[in-house]
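Asks: Provide a 3D model corresponding to the input given below.
(one chain, ligands or ions: 1)
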Amino acid sequence: MINETDFCEFCDGITEPRLVEYTFKRDGRKFTFKDVKAQVCRKCGEIYIDGEAMRKIEAQIKEEVFASV
Ligand SMILES: [Zn+2]
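Replies: This next block holds a predicted model:
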């Protein structure tokens with residue numbers, strides 16, 4: 001279980017839940033995901049993608065990579 005309030009690994013700032021745009025590069029291709037659940041540091045802006053959201057992103061990338069073969 002992830003706490004709603006967490007601290008940034010880099011600057012110890014407080015992170016808050018937000019929906020972000022996340023770009024993932026793989027095999028020279030670029031995948032952009034919108035409205036990804038994440039924790040964002042209020043101080044330095046570091047983005048921590050939610051574990052479940054990350055699994056969905058990886059599953060979708062796999063699908064697209066396989067579809068293009
Ligand atoms: Zn930070």
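Asks: so what's the residue nearest the centre of the chain up against?
Replies: Centroid-nearest residue in the chain, with CA atoms, centre = their mean: residue 49, separated by 3.1 Å. By CB atoms under 8 Å, 6 or more residues apart in numbering, the contact list for residue 49 reads 20, 22, 36, 37, 38, 57. For glycine as for every other residue, the C-beta is placed from the backbone atoms N, C-alpha and C.
Asks: Out of these, which comes closest to residue 6?
Replies: residue 38 (11.0 Å; CB to CB).
Asks: Quick check: next helix or strand after the helix or strand harbouring that closest one?
Replies: Secondary-structure assignment from DSSP states H and E places residue 38 in strand 29-41. Using DSSP H and E, the helix or strand that follows strand 29-41 towards the C-terminus is strand 47-49.
Asks: is that next one up against the ion anywhere?
Replies: No. Contact of strand 47-49 with the ion (CB under 5 Å from the ion) is absent, the minimum separation being 9.6 Å.
Asks: continuing past that strand, what's the next helix or strand?
Replies: Taking DSSP H and E as the definition, the helix or strand right after strand 47-49 is helix 51-67.
Asks: Now tell me what touches that next one from outside.
Replies: Residues outside helix 51-67 that contact it (CB under 8 Å, 6+ apart): 2, 22, 24, 26, 27, 29, 31, 33, 36, 37, 38, 49.
Asks: cool, stretch 35-43 as well?
Replies: 2, 6, 8, 10-22, 46-50, 52-53, 57.
Asks: Could you do stretch 6-16 as well?
Replies: Contact partners of stretch 6-16, identified using CB under 8 Å, 6+ apart, comprise 5, 39, 40, 41, 42, 43, 44, 46, 48.
Asks: just the buried members of these?
Replies: 39, 40, 41, 46, 48 (16 or more other CB atoms under 10 Å).
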